[in-house]
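**Q** what follows is a predicted protein model with its sequence.
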Amino acid sequence: QVQLVESGGGLVQTGGSLRVSCAASGRTLSRYTMAWFRQAPGKEREFVAAIRWSIGSSFYANNVKGRFTVSRDNAKNTVYLEMNSLTPEDTAVYYCAARVTYSNFWYNSPGAYQDWGQGTQVTVSS
């Protein structure tokens with residue numbers, strides 16, 4: 001099991017930027033895919049982005065592509081989500097998730113991920 005702790009959420013104005021972090025511990029992450037999901041009030045949890053820890057390749061939801069960037073720091077065992085050009089529609093609790101990966105398939109369903117952080121709130125004001 002991987003322990004995940006998110007940080008870096010906060011309040012930002014429309015058009016602004018924010019970076020959230022996810023510190024991982026408990027496992028060697030070389031076989032893991034790390035993902036970001038978000039959940040707005042009254043809505044289902046939705047996929048945002050994912051990154052393969054071993055090679056750093058990434059995959060994005062269409063509605064964040066070109067605005068968000070996922071990255072990882074091997075030395076710090078930390079995954080980042082850099083968010084630019086934020087809009088009120090990006091307001092949500094952002095969750096970090098992890099799953100062991102044995103194929104090239106990109107999983108974008110919450111049920112496909114076994115380990116989760118507690119989430120960090122991102123609020124974009126209009």
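**A** The structure has been received and is ready for your questions. Numbers count the residues shown, from 1 in each chain.
**Q** spatially central residue for this protein, please.
**A** Nearest to the geometric centre of the chain sits W36, at 2.0 Å (C-alpha atoms, centre = their mean).
**Q** A35 touches W116, doesn't it?
**A** No - assessed by C-beta atoms under 8 Å, A35 is found out of contact with W116, at 9.8 Å. To be clear about C-beta, it is placed using only N, CA and C from the backbone, and glycine gets the same treatment.
**Q** shared neighbours of these two, which are they?
**A** Jointly contacting A35 and W116 under the rule C-beta atoms under 8 Å, 6 or more residues apart in numbering are 96-98.
**Q** between these, which has the most around it?
**A** Most neighbours among the shared contacts of A35 and W116, by other C-beta atoms under 10 Å: C96, with 29 neighbours.
**Q** quick check: which element contains that one?
**A** Using DSSP states H and E, C96 maps to strand 92-100.
**Q** for the next helix or strand after that strand, which outside residues touch it?
**A** Under the assignment DSSP H and E, the closest C-terminal helix or strand after strand 92-100 is strand 115-116. Outside of strand 115-116, the residues that reach it under the criterion C-beta under 8 Å, 6+ apart are 1-4, 95-99.
**Q** what's the following helix or strand after strand 115-116?
**A** Heading C-terminal from strand 115-116, the first helix or strand you meet, by DSSP H and E, is strand 120-125.
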